[in-house]
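Visitor: Sequence and predicted structure, then a few things I'm wondering about:
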Amino acid sequence: MTAHDRSALSGARRIVVKVGSSSISGENAGKIQPIVEALAAAHARGTEVVLVSSGAIATGMPYLSLAERPSDLATQQAAAAVGQNVLIYRYQESLTPFRIVAGQVLLTAGDLENATHRSNARRAMERLLGLRILPIVNENDTVATHEIRFGDNDRLAALVAELIGADGLVLLSDIECLYTRPPDQPGARPIDRVHYGDDLHGFEFGSVVVNSVGTGGAATKVSAARLAAASGVGVLVTSADLVDQALSGADIGTWFDPNPEPAAPAATGPIRTAGVVAPR
């Protein structure tokens with residue numbers, strides 16, 4: 001059943017968790033362990049967990065002697081090809097003590113726009129979850145061109161949550177919650193809850209941030225949260241450092257109420273992957 005508030009996440013049947021590159025790469029590579037521990041605790045409670053993880057390009061960069069995120073597509077793809085392998089190994093190494101097996105799922109926007117591919121992806125994900133495997137999803141950077149990319153993994157996580165009928169979506173960030181304007185600016189106030197249909201145009205979420213390891217920012221999380229909420233999935237945005245509390249239903253972060261009357265999902269139809277504009 002869809003989580004209608006934060007507290008319901010602790011007993012949710014199925015949850016999607018998204019973590020960004022900056023939280024698990026470089027000097028933060030060690031944070032994979034506490035994230036995995038929180039996922040394993042939810043898994044032990046019987047929750048079906050799907051992890052959407054960025055970080056392939058950032059993880060691969062040191063192996064290609066790259067100090068900054070490459071700007072050309074071919075080098076991005078090369079870094080992703082190397083980094084995805086290392087990233088999955090690190091996750092599996094942390095999951096093994098909990099006797100949890102990871103399954104790699106790589107998707108492009110085109111996969112969710114094509115009815116056959118979408119149906120195949122859903123069937124594979126359902127089977128993995130039925131086998132108590134923990135799917136780790138990422139964009140298939142080695143084949144995704146600029147024209148067929150999701151744009152960011154926050155959006156991918158929202159679409160995966162819709163695809164598998166998740167009860168809740170947790171978008172992990174670098175800060176504990178969203179603010180009415182950048183938190184370093186005067187007058188910034190934390191946002192505790194966003195009711196479905198709330199007008200957010202008075203808030204200043206900024207633009208997409210492209211740093212040395214990945215893309216993202218508050219604007220992408222708001223856009224993704226509203227996309228998931230529209231499909232009937234409750235969404236929590238909070239810090240990666242608080243993932244255990246988040247999955248335990250603690251009163252933290254920014255909660256987006258799900259649409260109380262979402263449209264029934266089509267069995268094999270495409271998911272809309274473009275055209276959702278982040279609030280200004």
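Guide: The structure has been received and is ready for your questions.

Visitor: Report the beta-bridge partners for Val17.
Guide: Legend: beta-bridge partners of Val17 under DSSP bridges are Leu51, Val170.

Visitor: What is the burial count for it?
Guide: Residues near Val17, counting by other C-beta atoms under 10 Å, number 26. Backbone N, C-alpha and C define where each C-beta goes, glycine included.

Visitor: Give me the distance between it and Ala42.
Guide: 8 Å (C-beta to C-beta, to the nearest Å).

Visitor: Give me the longest helix you can find in this structure.
Guide: For the chain, the helix with the greatest residue count under DSSP state H is helix 73-95.

Visitor: So what touches that one?
Guide: Helix 73-95 is touched from outside by 24, 29, 32-33, 36-37, 39-40, 51, 53, 55-61, 63-64, 66, 69-70, 101-102, 104, 106, 134, 136, 138, 141-143, 145-146, with contacts defined as C-beta atoms under 8 Å, 6 or more residues apart in numbering.

Visitor: For that helix, C-alpha coordinates in PDB please.
Guide: The C-alpha trace of helix 73-95 is given here as PDB (Å, rounded to 0.1, in the frame of the first residue of the first chain):
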ATOM      1  CA  LEU A  73      30.300  11.600 -24.500                       C
ATOM      2  CA  ALA A  74      32.800   8.900 -25.600                       C
ATOM      3  CA  THR A  75      35.000   9.400 -22.500                       C
ATOM      4  CA  GLN A  76      31.900   9.600 -20.200                       C
ATOM      5  CA  GLN A  77      30.900   6.200 -21.700                       C
ATOM      6  CA  ALA A  78      34.400   4.800 -21.200                       C
ATOM      7  CA  ALA A  79      34.500   6.000 -17.600                       C
ATOM      8  CA  ALA A  80      31.000   4.500 -16.900                       C
ATOM      9  CA  ALA A  81      32.000   1.200 -18.400                       C
ATOM     10  CA  VAL A  82      34.900   0.900 -16.000                       C
ATOM     11  CA  GLY A  83      33.200   2.500 -13.000                       C
ATOM     12  CA  GLN A  84      29.900   0.500 -13.200                       C
ATOM     13  CA  ASN A  85      31.900  -2.700 -12.700                       C
ATOM     14  CA  VAL A  86      33.700  -1.400  -9.700                       C
ATOM     15  CA  LEU A  87      30.600   0.200  -8.200                       C
ATOM     16  CA  ILE A  88      28.600  -3.000  -8.300                       C
ATOM     17  CA  TYR A  89      31.600  -4.900  -6.800                       C
ATOM     18  CA  ARG A  90      31.700  -2.500  -3.900                       C
ATOM     19  CA  TYR A  91      27.900  -2.800  -3.300                       C
ATOM     20  CA  GLN A  92      28.100  -6.600  -3.400                       C
ATOM     21  CA  GLU A  93      31.100  -6.700  -1.100                       C
ATOM     22  CA  SER A  94      29.100  -4.700   1.500                       C
ATOM     23  CA  LEU A  95      25.900  -6.800   0.900                       C
END
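
Visitor: in it, what counts as buried?
Guide: By 16 or more other C-beta atoms under 10 Å, the buried positions in helix 73-95 come out as 75-80, 82-84, 86-88, 90-92, 94-95.

Visitor: Also stretch 252-268?
Guide: 252-259.

Visitor: could I get those as JSON lines with distance to Pro186?
Guide: What follows is those, written out as JSON lines (distance: C-beta to C-beta, whole Å):
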{"residue": "Ile252", "distance to Pro186": "24"}
{"residue": "Gly253", "distance to Pro186": "23"}
{"residue": "Thr254", "distance to Pro186": "20"}
{"residue": "Trp255", "distance to Pro186": "25"}
{"residue": "Phe256", "distance to Pro186": "26"}
{"residue": "Asp257", "distance to Pro186": "29"}
{"residue": "Pro258", "distance to Pro186": "33"}
{"residue": "Asn259", "distance to Pro186": "34"}
